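> Sequence and predicted structure below; questions after.
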Amino acid sequence: MDISYRQIRAAYTDESITVYQAYDAEIADAAVAAQRLVPPFKRERMTWIKPSFSWMMYRCGWGKKPDQARVLAVDITRDGFEWALRHSCLSHPRDRAGKRPREHPVRIQWDPERDPHHNPLPYRSIQIGLSGEAVTRYVDEWTVAITDLTDRVHGIHQALRDGHDITDMLPGERRYPLSEELARTVGATTVAPGQGPSRSQ
């Protein structure tokens, strides 16, 4: 796969995209049972969704970190996902004329992607922070299905620790198509015809 510096990579269909979150058992059990995030999940707090499985494994330590021991795959509508991107701004604008994060319900961060051993890679992975209206839409409108991946995650991690090639065990992720407008909004890398990659401003 041709990987640009800032590129959204995800498992997706024509209708939905998979993002990942990790919670404690109480929140995860309730979410799986209801097939949406319900209390004790708190809508009032910002919640971060991650399309990259590998980055989620880095963040939650393969489901071994406290309060992140249960890994969930959340399928959401692509319409909802793209609403989030359209209503986002970068957490750290690269110029003073940039949007102010507090004025938008969605924040975007680009962090170094990680390999299965958590080593940083030379390209970025997107993290999407939802707050306010975005959280309400995520919970009530966008969520299609929630799957508990914890056992699968532990199995992949054990295979990795045993020295096996886990490539075929990982979710199939590919470049997510973005319009020029969405690419500019989230600061994704764009490639102009006949030119090399440039970081969208």
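All right, it came through fine.
> what residue ranges in this structure score low on pLDDT?
For the chain, residues meeting the criterion pLDDT under 70 lie at 1, 93-102, 191-201.
> Now do stretch 50-59: distance to the chain's middle.
Centre-to-centre, stretch 50-59 and its host chain are 7 Å apart (CA atoms, centre = their mean, to the nearest Å).
> ok, now stretch 155-162?
What separates the centre of stretch 155-162 from the centre of its chain is 23 Å, taken as CA atoms, centre = their mean.
> Same question for it: list its buried residues.
Across stretch 155-162, burial judged by 16 or more other CB atoms under 10 Å covers 156, 157, 160. C-beta coordinates here come from the backbone N, C-alpha and C atoms, glycine included.
> nearest spatial neighbour of the first one, skipping sequence neighbours?
The spatially closest residue to residue 156, leaving aside those adjacent along the chain, is residue 169, at 4.8 Å (CB to CB, 6 or more residues apart in numbering).
> Tell me who's in contact with that neighbour.
Residues in contact with residue 169, defined by CB atoms under 8 Å, 6 or more residues apart in numbering, are 155, 156, 159.
> which other residues reach the longest strand seen in the chain?
For the chain, the longest strand by residue count, based on DSSP state E, is strand 120-130. The set of residues that contact strand 120-130 without belonging to it, under CB under 8 Å, 6+ apart, is 3-9, 19, 46-52, 54-55, 84-85, 88, 91, 105-115, 138, 186, 188.
> and those residues, which of them are in helices?
Secondary structure from DSSP state H places 54, 55, 84, 85, 186 of the contacts of strand 120-130 in helices.
> So the nearest residue to the third one once chain neighbours are set aside versus residue 121, what's the distance?
This points to residue 84. Excluding its sequence neighbours, the residue lying closest to residue 84 (CB to CB, 6+ apart) is residue 106, at 4.8 Å. Here residue 106 is placed at a distance of 25 Å from residue 121 (CB to CB, to the nearest Å).
> Tell me, how many residues neighbour residue 67?
With neighbours defined by other CB atoms under 10 Å, the count for residue 67 comes to 12.
> Is it in contact with residue 26, as I believe?
No: in terms of CB atoms under 8 Å, residue 67 does not count as a neighbour of residue 26; the distance is 9.9 Å.
> ok, the residue nearest to the spatial centre of the chain - contacts?
Nearest to the centroid of the C-alpha atoms of the chain, with distances taken as CA atoms, centre = their mean, sits residue 50, at 1.4 Å. The contact partners of residue 50, by CB under 8 Å, 6+ apart, come to 19, 20, 21, 56, 59, 125, 126, 127, 128.
> Show residues contacting stretch 133-150.
Here stretch 133-150 makes contact (CB under 8 Å, 6+ apart) with 15-16, 20, 28, 31-32, 35-38, 41, 43, 46-47, 49, 63, 69-77, 79-81, 83-84, 87, 105-106, 130.
> Would you map the strands across this protein?
With strands called from DSSP E, the chain shows them at 9-10, 16-23, 47-49, 70-77, 88-90, 106-114, 120-130, 143-148, 174-175, 189-191, 197-199.
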